[in-house]
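Q: fold the following and give me the result.
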Amino acid sequence: MGIELTDSAAEHGYTKQDAIHAMETPLAFVMAFPPTRPGHARPPAAWVGPAR
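A: Residues are numbered from 1 along each chain as shown. From the prediction side, this is the model:
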């Protein structure tokens, strides 16, 4: 399964490039960042990376 980028990073003031950088150079990763929101099939994952 491929990575599906959503607009959620932009909702928090981060660009898509920031999100990709965090995934490429993670300082922390949480696979199932709870809770699963209504209308979504699975909980979101969270990447925390250094500033570009």
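Q: could you say what helices and strands the lengthiest helix in the chain packs with?
A: If you go by DSSP state H, the chain has its longest helix at helix 16-24. Helices and strands touching helix 16-24, as assessed by 3 or more CB pairs under 8 Å, 6 or more residues apart in numbering; DSSP states H and E, comprise helix 8-11, strand 46-48. The way it works is simple: take the backbone N, C-alpha and C, and place the C-beta from them, glycine included.
Q: which residues belonging to the first one are considered buried?
A: Judged by neighbour count using 16 or more other CB atoms under 10 Å, the buried positions of helix 8-11 are A9.
Q: mean confidence score for that helix?
A: Helix 8-11 shows a mean pLDDT of 79 in the predicted model.
Q: need the helices and strands packed on helix 16-24 in JSON lines (columns: distance to E24).
A: As requested, those are exported to JSON lines (distance: least, CB to CB, whole Å):
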{"stretch": "helix 8-11", "distance to E24": "14"}
{"stretch": "strand 46-48", "distance to E24": "9"}
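Q: out of those, nearest to H21?
A: Comparing the helices and strands packed on helix 16-24 by their distance to H21 (CB to CB), the top pick is strand 46-48, with 9.3 Å.
Q: so who does P50 touch?
A: For P50, the set of contacting residues under the criterion of CB atoms under 8 Å, 6 or more residues apart in numbering consists of H21, T25, L27.
Q: quick one: contacts for the residue positioned nearest the centre of the chain?
A: Closest to where the C-alpha atoms of the chain average out (CA atoms, centre = their mean) is A46, at 4.4 Å. Contact criterion CB under 8 Å, 6+ apart gives A28, F29, V30, F33 as the residues in contact with A46.
Q: the first one and W47, how far apart?
A: With distances defined as CB to CB, to the nearest Å, the gap from A28 to W47 amounts to 8 Å.
Q: ok, now the second one?
A: Between F29 and W47 the distance, using CB to CB, works out to 6 Å.
Q: out of the contacts of A46, which is nearest to S8?
A: F33 (10.6 Å).
Q: from H12, how far off is that closest one?
A: 13 Å.
Q: for P38, find the nearest of the helices and strands packed on helix 16-24.
A: Taking CB to CB as the criterion, helix 8-11 is the member of those that comes nearest to P38, at 14.8 Å.
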